[in-house]
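> coordinates only, sequence not included:
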């Protein structure tokens, strides 16, 4: 089934920019991923495989409506481990296995308000021409020291042939699922279609997948990259 189309988020509760983002994807057995999901969600597959994505990026411009960007608090690195799911109404979305971020106030706020598995980490994102380096080491809660060190070279934009159904399946996602007060909930994120680029993986040393309860992936990953998009985030709803 095709992934969802961009929603219109009205009113947004948060403005964000997801920049210098790299999508690193692996195939996994569907039954294994299904065992990690809450009741009410089923794993969504492509080519009979479930998919896990490791996604480091730079969060910028974080602010609620009517509030200016704040130094330090409005910009920080983040790294997500996610998979792809559908709910009982056949709506597609994302289930996060972990989200590591470099700002403790943001981690605490997201855990309290959205029930998301955020972790506080020591993180950096550095850019030198077309080379992007991501570094992350988890602080709290454990497992302390779970890491993600990635070096990627951004390439040219994807052509129309490369913007295939799999690229759409893995990146055109505008809904997250979570559990709030013991019940399944969802929230939408509005943004334009990702301007996807080719990416070359130069270095990867990570333990975030193992920390999320996943076995080591088989084979080489599939990569996409993007300079980023502005985002409007909506409030969760049951």
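Yep, that arrived. Treat the numbers as computed from the prediction; the structure is a model and nothing was measured.

> what sits against the residue nearest the centre of the chain?
Closest residue to the average C-alpha location of the chain: residue 80 at 4.4 Å, with C-alpha atoms, centre = their mean. Contact analysis of residue 80 by C-beta atoms under 8 Å, 6 or more residues apart in numbering lists 53-55, 96, 98-100. Just so you know, the C-beta spots here come from the backbone N, C-alpha and C atoms, and that holds for glycine as well.

> residues contacting residue 96?
Residues in contact with residue 96 (C-beta under 8 Å, 6+ apart) are 80-82, 116-117, 176, 178.

> For PyMOL, what selects the buried ones among those residues?
Filtering the contacts of residue 96 down to the buried ones (16 or more other C-beta atoms under 10 Å) takes a single PyMOL command:
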select buried, resi 80+81+82+116+117+176+178
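
> what ranges do the strands span in the protein?
Along the chain, counting by DSSP state E, strands occupy 14-28, 41-43, 50-63, 76-87, 92-101, 118-128, 131-140, 147-157, 175-180, 183-190, 197-206, 222-233.

> Take those and lay them out in TSV including distance to residue 216 and mean pLDDT.
Shown next, in TSV, are these (distance: least, C-beta to C-beta, whole Å; pLDDT from 0 to 100):
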stretch	distance to residue 216	mean pLDDT
strand 14-28	9	98
strand 41-43	19	98
strand 50-63	11	98
strand 76-87	13	98
strand 92-101	15	98
strand 118-128	20	98
strand 131-140	18	98
strand 147-157	14	98
strand 175-180	26	97
strand 183-190	30	97
strand 197-206	10	98
strand 222-233	16	98
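
> out of those, nearest to residue 35?
Closest approach to residue 35 among these (C-beta to C-beta): strand 41-43, 9.3 Å.

> Contacts for that closest one next, please.
If you take C-beta under 8 Å, 6+ apart as the criterion, strand 41-43 is touched by 30, 33-34, 37, 50, 83-87, 95, 177, 184.

> Now with 7 Å, please.
Identification of contacts with strand 41-43 by C-beta atoms under 7 Å, 6 or more residues apart in numbering yields 30, 33-34, 37, 50, 83, 85-87, 95, 177.
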